[in-house]
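Chemist: give me the fold of what follows.
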Amino acid sequence: KATVSVLYWKMEKSKIEDEIRQSEDESPGPMRGLYEMMKTGVTRSYFRMLLYAYYREVDVIGIENVPRTGPVIFCGNHQNQFVDGVMLYAHCPRIPSFIIAAKSMGRQVVGDFARFMNCIPVRRPQDEAVAGPGVITSVTETHITGMHTKFTSIPGGSLISISLGGASTLIVKLMNITSDTAAEIKEISTDSLPEAPEGRAYKIFPKIDQKEMWQSVYARLGQGGCIGIFPEGGSHDQTSMIGMKDGIARIALGSIEHGNQPPVIIPVGLTYYYGHRFRSRAHIEFGKPLYITDDMYKGYQEDKAAGVVSLMQELQAAMAEVTIQCPDWRTLKQVHHVRRLYQPGRIKLDVAEYLRTTRRFAQGLRLVEDLPAAKALLEKLELYQENLKAYLLTDHQVQSLDTLQSHTSYKLVAHRMFMTAFWFLLCITGVVINLPVGVIARVYSDVKSMEAVKNSTVKVLGNDVKASYKVLCAMMLAPFYIMMYVVLAWWYYSFGLAVVILIVYPLWSYWSVVWANNCMCAARATFPLLLSLHSENYMSRFNELHNFRKELVADVRQLVDVHVRGKHDLWSSRSEELYQRIEALDSIPPTEETQNMPFTVEHTSRLEKRAVSNTSFSSSAKSE
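Modeler: Reported below is the predicted structural model:
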């Protein structure tokens with residue numbers, strides 16, 4: 001009976017949606033605009049609530065680069081599956097309609113939200129791939145042959161993915177099919193197929209007519225709307241962008257060809273720091289607009305293929321300016337650590353300068369990676385990182401050792417222990433009550449990540465899907481928990497208590513998460529300091545690490561200043577000026593004011609005056 005009721009409700013819901021859609025198309029009056037505005041506002045507020053509960057910090061940079069009117073195409077990197085679209089939709093000053101895989105539109109929760117966000121579905125060949133009959137025996141630069149295959153039944157222009165063992169594949173494009181076992185190919189991802197006497201299995205990626213998708217995209221841009229697209233095609237957890245598909249260039253140039261106003265392409269960099277972990281950090285950076293000039297469009301009219309390639313080159317350069325790209329996770333960690341060692345300890349970068357500086361270090365280290373000095377430095381850096389992990393320390397704690405004295409250390413330990421206990425008492429009840437939600441979300445996301453790695457050739461550990469499934473799981477379980485406690489309160493106590501729980505419980509759960517994060521941070525900061533005060537061996541090792549860090553700082557600065565700084569635009573002019581001014585103040589002893597100094601000219605000017613007074617005092621003392 002319940003199943004029949006659900007099916008009937010879905011049928012009625014579909015009918016009502018069709019009627020509403022038809023009435024809106026026939027009479028797009030002011031009520032439709034009001035409805036869309038309210039729907040967008042509620043959806044974005046809900047997404048922000050989810051994101052701020054999961055992420056400790058979400059920073060948005062470069063909003064001023066987004067045009068307020070006219071057609072816009074947002075181009076983002078794709079390293080966190082469904083979270084990427086939610087992140088951009090919730091924080092973008094315009095309302096983009098994302099191009100999403102039709103496979104995702106078929107999912108229950110994701111598909112419902114995608115339709116609510118007016119996403120445009122696109123059928124992907126890899127989602128409709130089927131195993132081909134027979135086996136492939138040989139592939140050359142121009143021809144492919146098989147055994148017991150049926151190439152004549154495959155439409156021309158289809159792709160064939162040949163298994164090479166494990167996750168490796170070879171992709172070719174069928175052009176002229178001469179028989180069931182032979183065909184000519186136009187594109188191939190490698191020179192030849194490794195020998196396999198028994199042949200190799202393959203999959204057929206059918207050629208799909210995307211006419212409806214193109215019409216929807218051109219109509220949206222023709223109305224002055226916005227499109228969001230992730231040109232990498234699928235999410236991944238690699239540390240650099242994988243091959244960008246040229247569909248975004250074809251959309252931009254094709255929209256002009258259809259008589260629309262030239263769209264503005266905005267590169268969007270989504271940067272996550274362990275984005276699959278709960279209470280991590282995320283940054284969104286809107287880059288400088290990429291305009292399609294008359295010369296670019298004329299070149300496209302003369303040669304469409306060359307015009308698309310030219311625009312993709314421009315777009316790749318623009319994406320490089322808003323993303324941090326490294327060959328692997330090991331190199332990415334080294335980039336962050338080298339940047340932290342080179343940065344003077346008394347300044348705090350704002351988010352925009354922090355991202356820009358990290359990108360420049362990633363580019364700079366690639367310039368010197370073959371130098372003996374760079375190799376020796378990275379070996380010492382790995383040793384330093386291993387010691388930090390072994391002694392449960394952070395680089396910031398080792399850096400601040402010289403500012404701690406014995407009497408201040410005991411006061412600091414007492415303060416941190418008090419704060420740890422304080423946050424623990426605040427969060428413990430909420431954490432225990434919501435613990436089943438966290439455990440189920442963790443297990444569910446781990447299972448889904450293993451499935452994603454098994455079915456993908458670009459994923460490394462599947463971390464890009466963990467955050468999405470954790471959020472989806474919490475979205476489904478949290479309302480159930482809330483309603484369960486509301487019903488119990490109403491049944492056993494009173495309606496008034498049920499209303500109070502309905503209002504207070506979500507807020508209390510959110511703040512319990514914040515308090516638990518504060519408790520963990522305070523405990524992590526307390527434990528090493530407590531050990532250093534009660535263990536001479538630990539303290540001596542702490543001092544050795546502090547001195548080793550000083551050596552690393554000197555080596556990093558010498559390497560960067562000699563081999564990188566003069567050959568690469570490592571800093572902006574503003575950063576360069578402030579770094580030079582602050583590095584001249586090393587003789588000033590750290591104080592409460594200078595310990596966490598922000599990155600502003602006013603503070604450096606004030607410190608320069610103090611440096612002058614200190615210099616005058618010391619010179620007069622020497623003369624006396």
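
Chemist: and residue 215, how far from residue 262?
Modeler: 19 Å (Cβ to Cβ, to the nearest Å). Just so you know, the C-beta spots here come from the backbone N, C-alpha and C atoms, and that holds for glycine as well.

Chemist: how about residue 281?
Modeler: Taking Cβ to Cβ, one finds residue 281 at 36 Å from residue 262.

Chemist: check residue 278 too.
Modeler: 43 Å.

Chemist: same check, this time on residue 386
Modeler: 53 Å.

Chemist: more neighbours, these two?
Modeler: Set side by side, residue 386 and residue 262 show more neighbours around residue 262, with 18 against 10, by other Cβ atoms under 10 Å.

Chemist: from memory that one sits against residue 292, does it?
Modeler: Yes. Between residue 262 and residue 292 there is a contact at 4.8 Å, judged by Cβ atoms under 8 Å.

Chemist: who touches both of the two?
Modeler: Taking Cβ atoms under 8 Å, 6 or more residues apart in numbering as the contact rule, residue 262 and residue 292 both touch 252, 256.

Chemist: quick one, strands of the stretch 451-600 of the chain?
Modeler: For the stretch 451-600 of the chain, applying DSSP state E, counting those that start in this stretch gives strands covering 597-598.

Chemist: helices along the stretch 201-350 of the chain, start to end?
Modeler: For the stretch 201-350 of the chain, helices defined by DSSP state H, counting those that start in this stretch occupy the ranges 211-222, 247-257, 294-302, 304-320, 329-342.

Chemist: so what touches the first one?
Modeler: Under the criterion Cβ under 8 Å, 6+ apart, residues 71, 73, 97, 99, 120-123, 226-227, 251, 254-255, 258-261, 263 lie in contact with helix 211-222.

Chemist: now which of these would you call buried?
Modeler: 71, 73, 97, 99, 120-123, 226-227, 251, 254-255, 260, 263 (16 or more other Cβ atoms under 10 Å).

Chemist: first vs last residue of stretch 175-184, how far apart are they?
Modeler: By Cα to Cα, to the nearest Å, the extent of stretch 175-184 from end to end equals 6 Å.

Chemist: to the chain's geometric centre, what's the distance from it?
Modeler: 43 Å (Cα atoms, centre = their mean, to the nearest Å).

Chemist: same check on stretch 350-365?
Modeler: Centroid separation between stretch 350-365 and its chain, computed with Cα atoms, centre = their mean, is 16 Å.

Chemist: report the buried residues of that stretch.
Modeler: Quick answer for stretch 350-365 (16+ other Cβ under 10 Å): 351, 353-365.

Chemist: now for the longest helix seen in the chain, which elements pack on it?
Modeler: Counting residues, the longest helix in the chain under DSSP state H turns out to be helix 406-454. In terms of contacts (3 or more Cβ pairs under 8 Å, 6 or more residues apart in numbering; DSSP states H and E), helix 406-454 is packed against helix 463-492, helix 495-534.

Chemist: helix 463-492 and that helix, what's the angle between them?
Modeler: 100 degrees (axes from the mean of the first three to the mean of the last three Cα atoms, to 10 degrees).

Chemist: mind checking the pLDDT average for helix 406-454?
Modeler: Average pLDDT, helix 406-454: 87.

Chemist: pLDDT below threshold where in this protein?
Modeler: Counting by pLDDT under 70, the chain contains low-confidence ranges at 1-33, 165-168, 187-197, 345-346, 402-408, 565-624.

Chemist: rerun at 50
Modeler: 1-28, 191, 571-574, 582, 585-588, 590-624 (pLDDT under 50).

Chemist: contacts for stretch 391-402 next, please.
Modeler: Contact partners of stretch 391-402, identified using Cβ under 8 Å, 6+ apart, comprise 337, 340-341, 345, 387-388, 524-525, 527-529, 538, 541-543, 545-546, 549.

Chemist: contact partners for the closest residue to residue 128 other than its chain neighbours?
Modeler: Among residues not flanking residue 128 along the chain, residue 206 sits closest, at 5.8 Å (Cβ to Cβ, 6 or more residues apart in numbering). Going by Cβ under 8 Å, 6+ apart, residue 206 touches 125, 128-130, 154-155, 158.

Chemist: JSON lines for the residues you listed, including secondary structure, distance to residue 374 and neighbour count?
Modeler: Listed next are the contacts of residue 206 as JSON lines, based on DSSP: H, G, I helix; E, B strand; the rest coil; distance: Cβ to Cβ, whole Å; neighbours: other Cβ atoms under 10 Å:
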{"residue": "125", "secondary structure": "helix", "distance to residue 374": "43", "neighbour count": "15"}
{"residue": "128", "secondary structure": "helix", "distance to residue 374": "47", "neighbour count": "13"}
{"residue": "129", "secondary structure": "coil", "distance to residue 374": "43", "neighbour count": "16"}
{"residue": "130", "secondary structure": "strand", "distance to residue 374": "49", "neighbour count": "9"}
{"residue": "154", "secondary structure": "coil", "distance to residue 374": "50", "neighbour count": "20"}
{"residue": "155", "secondary structure": "coil", "distance to residue 374": "52", "neighbour count": "11"}
{"residue": "158", "secondary structure": "coil", "distance to residue 374": "47", "neighbour count": "19"}
